[in-house]
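Colleague: please find the sequence and the predicted model below.
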Amino acid sequence: MVVTFYCAVFVRTSILPFFYAGFPAGMPFRGLFDIWWVLVVWVFFFYYEGLYTKRFSFWDEIRVLWKVSFFSTVGVFTIVSIGKLSDEMSRTVVALMGTISLLSLPLIRMVAKKVLRRLGFLKRRVLILGAGKTGKLIVRALKKEPNYGYEIKGFLDDDPGKLGSEIEGVKIHKGTDRAATYINRCGIDDLVIAMPGAGKERLQGLINGLQHKVDRILFVPDIFGIAVLGTNLQHFFHEEAFAFEMKNNLASPFNIFIKRSFDILMSIVLLPVLFFPMALISFLIRIGSPGRAIFSQERVGRKGTTFRCYKFRTMFEDAEARLEGLLQDDPEVNNKWQQYWKLNDDPRVTKIGRFLRTTSLDELPQILNVLRGEMSFVGPRPVTQDEIDRHYREMAELCFSVLPGITGLWQVSGRSNTSYDYRIALDSWYVRNWNLWLDIVILFKTVKIVIKREGAY
């Protein structure tokens with residue numbers, strides 16, 4: 001916070017005066033010793049949001065940090081206004097501090113935590129019970145989230161055939177009934193129970209017998225694909241029962257309004273920035289091959305309505321004839337087409353088209369679809385009716401209950417390297433779990449993947 005404060009003061013005293021005469025240069029500002037209460041406000045919200053006690057995934061921690069930035073800035077503004085302390089604390093510095101903190105807080109905090117983990121701090125030793133399919137899934141999930149600081153010490157499993165083997169470099173040991181011994185011997189902090197098929201009595205015995213020996217137990221039930229973001233746990237005290245409360249977020253008119261407002265705001269901001277790059281791309285396309293720079297295809301939108309989806313042309317004019325000939329001549333290529341609906345080294349694609357596809361710049365004209373209310377920036381992949389009939393079946397109603405998106409979960413989860421069924425699973429997961437922060441995270445990840453050109457062709 002000290003770094004953030006003095007960065008804000010530097011911008012106010014040394015940068016803003018060059019752009020606006022209303023900000024006089026060289027004004028003296030009080031040091032943090034004189035306005036110590038500002039740090040108290042920020043630290044209070046850090047504590048209130050659990051940033052000193054809870055463990056978050058990378059993107060969840062950024063979301064909470066941004067939330068802290070907003071409420072801390074509002075809190076300081078309120079104190080300055082009510083207490084008439086503008087002589088002690090500049091409102092411009094308050095605003096700059098909040099703005100700069102959106103970058104400085106995640107950056108400094110993530111780097112500091114990474115250094116501390118390398119020094120052996122902030123780590124939690126984890127033991128996983130169950131080395132089956134669920135156990136494999138959990139170990140991969142934990143390794144993809146280093147921000148949790150979990151150090152997986154091993155698996156315990158009752159299958160003698162798995163003894164001594166490894167999953168993702170983690171060794172499997174014998175006997176879940178020896179869990180207490182391993183917990184004491186290895187100093188285990190957290191226990192993950194990934195044995196959904198073990199039976200009710202067996203699971204109850206494990207949880208009740210080991211709960212007091214570790215700080216936390218994470219139980220993984222055998223229910224995948226349901227909504228998890230925003231899911232609440234409802235308990236019924238007298239019956240010792242509980243239930244998962246899962247809301248249909250995108251059924252709420254207010255949430256639909258928020259998502260649509262976000263799309264319009266993003267479009268208004270991006271269109272002036274992208275106008276000249278789009279004009280240049282159009283020029284290069286028409287030089288490279290005859291035909292229009294932008295073409296449209298019929299796609300299925302929300303609730304089965306159809307619309308014309310715009311894209312930069314990346315293929316030759318006789319693309320369909322070239323494809324039919326290729327599929328007839330090469331059965332292997334035909335099989336791949338049926339599985340992915342895309343081809344490596346597609347002969348239909350022009351030189352500039354190949355570049356546009358690997359960078360995803362061919363989809364820029366879809367901003368016009370967003371403005372027209374036919375698409376969203378983030379959503380399920382826009383598809384043809386033929387694709388729905390072939391692949392989606394009973395999942396079509398769920399996936400197309402919302403507007404299709406320029407980008408989505410499948411684009412940030414392997415893109416063209418994923419199978420078609422996996423794309424559908426990701427789209428359905430997105431619809432079940434939507435919130436605005438999820439859209440923001442997907443947009444950030446899309447930028448990263450496009451820059452690295454991961455999984456595109």
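Modeller: It's in. Owing to the predicted nature of the structure, the values given are computational and were not obtained by experimental measurement.
Colleague: residue ranges in the chain under the pLDDT threshold?
Modeller: Applying pLDDT under 70 to the chain flags residues 20-32, 223-230, 235-240, 317-327, 329-330, 332-334, 336-346, 414-418, 453-457.
Colleague: tell me the buried residues in the longest helix anywhere in it?
Modeller: When the chain is scanned for its longest helix (criterion: DSSP state H), the result is helix 253-288. By neighbour count with 16 or more other CB atoms under 10 Å, helix 253-288 contains the buried residues 255, 259, 262-263, 266-267, 274, 278, 281-282, 285. For every residue, glycine as well, the C-beta is placed using N, CA and C.
Colleague: ok, now stretch 309-319?
Modeller: Going by neighbour count (16+ other CB under 10 Å), the buried part of stretch 309-319 is 309-316, 319.
Colleague: please apply the same query to stretch 57-75.
Modeller: Buried-residue list, stretch 57-75, by 16+ other CB under 10 Å: 59-66, 68-69, 71-73, 75.
Colleague: among the residues you listed, which ones are in helices?
Modeller: Per DSSP H, the buried residues of stretch 57-75 map to helices at 59-66, 68-69, 71-73, 75.
Colleague: what is the nearest of these to residue 39?
Modeller: Nearest to residue 39 among these: residue 72, at 9.8 Å, using CB to CB.
Colleague: so what does the following helix or strand past the longest helix of the chain touch, helix or strand wise?
Modeller: Remark: after helix 253-288, the chain's next helix or strand is strand 294-300, criterion DSSP states H and E. Helices and strands touching strand 294-300, as assessed by 3 or more CB pairs under 8 Å, 6 or more residues apart in numbering; DSSP states H and E, comprise strand 306-312.
Colleague: could you say what helices and strands the strand it packs on packs with?
Modeller: Strand 306-312 packs on helix 253-288, strand 294-300, helix 366-371, going by 3+ CB pairs under 8 Å, 6+ apart.
Colleague: what would those look like in TSV with distance to residue 79?
Modeller: Shown next, in TSV, are those (distance: least, CB to CB, whole Å):
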stretch	distance to residue 79
helix 253-288	29
strand 294-300	52
helix 366-371	40
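Colleague: quick check on residue 232: phi, psi?
Modeller: Main-chain dihedrals, residue 232, degrees, to the nearest 10: phi -110, psi 150.
Colleague: next: residue 57.
Modeller: phi -70, psi 170.
Colleague: and the next helix or strand past the helix or strand harbouring residue 117?
Modeller: Assigned by DSSP H and E, residue 117 belongs to helix 91-118. Where DSSP H and E defines the elements, the next helix or strand beyond helix 91-118 is strand 124-129.
Colleague: other residues contacting that next one?
Modeller: Contacts with strand 124-129, where a contact means CB atoms under 8 Å, 6 or more residues apart in numbering, come from 55, 135, 138-139, 142, 148-157, 170, 176, 179, 182-183, 186-195, 206, 215.
Colleague: same check on stretch 86-97?
Modeller: 4-5, 7-9, 11-12, 16, 23, 29-30, 34-35, 38, 73, 76-77, 80.
Colleague: give me the buried entries from those residues.
Modeller: By 16+ other CB under 10 Å, the contacts of stretch 86-97 give 4-5, 7-9, 11-12, 16, 23, 29, 35, 38, 73, 76, 80 as buried.
Colleague: quick check: end-to-end length of stretch 302-309?
Modeller: Distance between the boundary residues of stretch 302-309 (CA to CA, to the nearest Å) amounts to 13 Å.
Colleague: report the buried residues of it.
Modeller: Across stretch 302-309, burial judged by 16+ other CB under 10 Å covers 302, 307, 309.
Colleague: who touches the last one in this structure?
Modeller: For residue 309, the contacting residues are 296-299, 366, 369, 374-375, 382, taking CB under 8 Å, 6+ apart as the criterion.
Colleague: cool, and the second one?
Modeller: Applying CB under 8 Å, 6+ apart, one finds that residue 307 lies in contact with 298-299, 301, 369, 372, 374-375.
Colleague: quick revisit: tell me the helices and strands packed up against the longest helix of the chain.
Modeller: Under the contact rule (3+ CB pairs under 8 Å, 6+ apart), helix 253-288 is packed against strand 306-312, helix 351-359, helix 366-371, strand 376-378, helix 436-452.
Colleague: what angle separates it from helix 351-359?
Modeller: Between helix 253-288 and helix 351-359, the angle comes out at 150 degrees (axes from the mean of the first three to the mean of the last three CA atoms, to 10 degrees).
Colleague: tell me how far helix 253-288 lies from the chain's centre.
Modeller: From the chain centre to the centre of helix 253-288 is a distance of 21 Å (CA atoms, centre = their mean, to the nearest Å).
Colleague: returning to that earlier point: can you list the ones in helices among the buried residues of stretch 57-75 in JSON lines and add distance to residue 331?
Modeller: Shown next, in JSON lines, are those (distance: CB to CB, whole Å):
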{"residue": "59", "distance to residue 331": "43"}
{"residue": "60", "distance to residue 331": "47"}
{"residue": "61", "distance to residue 331": "49"}
{"residue": "62", "distance to residue 331": "48"}
{"residue": "63", "distance to residue 331": "48"}
{"residue": "64", "distance to residue 331": "52"}
{"residue": "65", "distance to residue 331": "53"}
{"residue": "66", "distance to residue 331": "52"}
{"residue": "68", "distance to residue 331": "58"}
{"residue": "69", "distance to residue 331": "57"}
{"residue": "71", "distance to residue 331": "61"}
{"residue": "72", "distance to residue 331": "62"}
{"residue": "73", "distance to residue 331": "62"}
{"residue": "75", "distance to residue 331": "66"}
